[in-house]
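S.K.: my questions concern the predicted model and sequence given below.
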Amino acid sequence: MVKINLKQSYSRLLMGIAGWFLPGLLMLLSLFLSSCQEKNYAKVSEEPTVVEVSHDQKVKRGEYLVTTIGCADCHSPKKFGERGPEEVAGLLLSGYQQGQELPAVDMANLPPGFIAMSGDLTAAYGPWGTSFAANITSHETGIGNWSLEQFKTAMQKGKYKGIENARDLLPPMPWFNFAHLTDEDLEAMYVYLQSTKPVENVVPAPIPPGAKPASISGL
């Protein structure tokens, strides 16, 4: 009769199982620890992601803003068509035209608090006198030689030609609304305007209340 030592058999069985599984467990543990060390759980960067905007994208964004804000409403000469005022081809954003006849307006006959505007909206009459929409095309008689900082100063601080110590821009220029635009939007508008067709046009200087037309300048 063969005697079986159950205790020894059980020990051999456990050792066999351990012999098969222990190396695998050790390998898995090693891989896990190695993975943890390599990952090191990288910290999430707190710095915002900077997205580069191309020149063409700025031009398109600027065109969108200039168009939807309505800059052409005052800064583009117009003629009357079947559905009202229409922009004059080739004069987009060139302002009140030099040499254009300026009709006389008797401000005394206007109700208090009212203003008057020329038919194409490029000239305005009010308590400040008479103001003219500026040439904002890329020509040097417009804003072609302006820097971006000048453009921002004009739009955010309402300063003539974007010069800090210059006079304030006159009504109806709503610069106080544009002052809330972001720097990115203002840059896009500037880039677009610098890409427009250059139109040579020196806009007349504003006329003080009660005075007659004189000198050359812009709104």
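M.R.: Perfect, I can see it now. Since we're looking at a predicted model, the values are computed, not measured.
S.K.: how about S131, secondary structure?
M.R.: Here S131 is strand, with the state taken from DSSP: H, G, I helix; E, B strand; the rest coil.
S.K.: which ones are touching it?
M.R.: S131 makes contact with 123-124, 170-173, 206, 219 under the criterion Cβ atoms under 8 Å, 6 or more residues apart in numbering. All C-beta spots, glycine's among them, are computed from the backbone N, C-alpha and C.
S.K.: run the last query once more with 10 Å
M.R.: S131 makes contact with 74, 96, 115, 117, 122-125, 169-173, 203-207, 218-219, according to Cβ atoms under 10 Å, 6 or more residues apart in numbering.
S.K.: put the buried members of those residues into a PyMOL selection.
M.R.: Only the buried entries of the contacts of S131 go into this PyMOL selection, using 16 or more other Cβ atoms under 10 Å:
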select buried, resi 74+96+117+122+123+124+125+169+170+172+173+203+204+205+206+207+218+219
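S.K.: just the ones in strands from the contacts of S131, please.
M.R.: Using DSSP state E, 117, 123-125 are the members of the contacts of S131 that sit in strands.
S.K.: closest to S195 out of the residues you listed?
M.R.: Nearest to S195, judged by Cβ to Cβ, of these is A123 at 26.8 Å.
S.K.: A helix includes P111, no?
M.R.: No. Checked against three-state DSSP, P111 lies outside a helix; its state is coil.
S.K.: give me every residue that touches it.
M.R.: Residues in contact with P111 (Cβ under 10 Å, 6+ apart): none are found.
S.K.: K79 now?
M.R.: Counting by Cβ under 10 Å, 6+ apart, K79 has contacts 85-89, 91, 119-120.
S.K.: and these as CSV, adding pLDDT, distance to G158 and secondary structure?
M.R.: Formatted as CSV, the contacts of K79 follow (pLDDT from 0 to 100; distance: Cβ to Cβ, whole Å; DSSP: H, G, I helix; E, B strand; the rest coil):
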residue, pLDDT, distance to G158, secondary structure
P85, 87, 26, strand
E86, 92, 30, strand
E87, 94, 25, strand
V88, 95, 28, coil
A89, 92, 31, coil
L91, 98, 25, coil
G119, 89, 26, coil
D120, 93, 23, coil
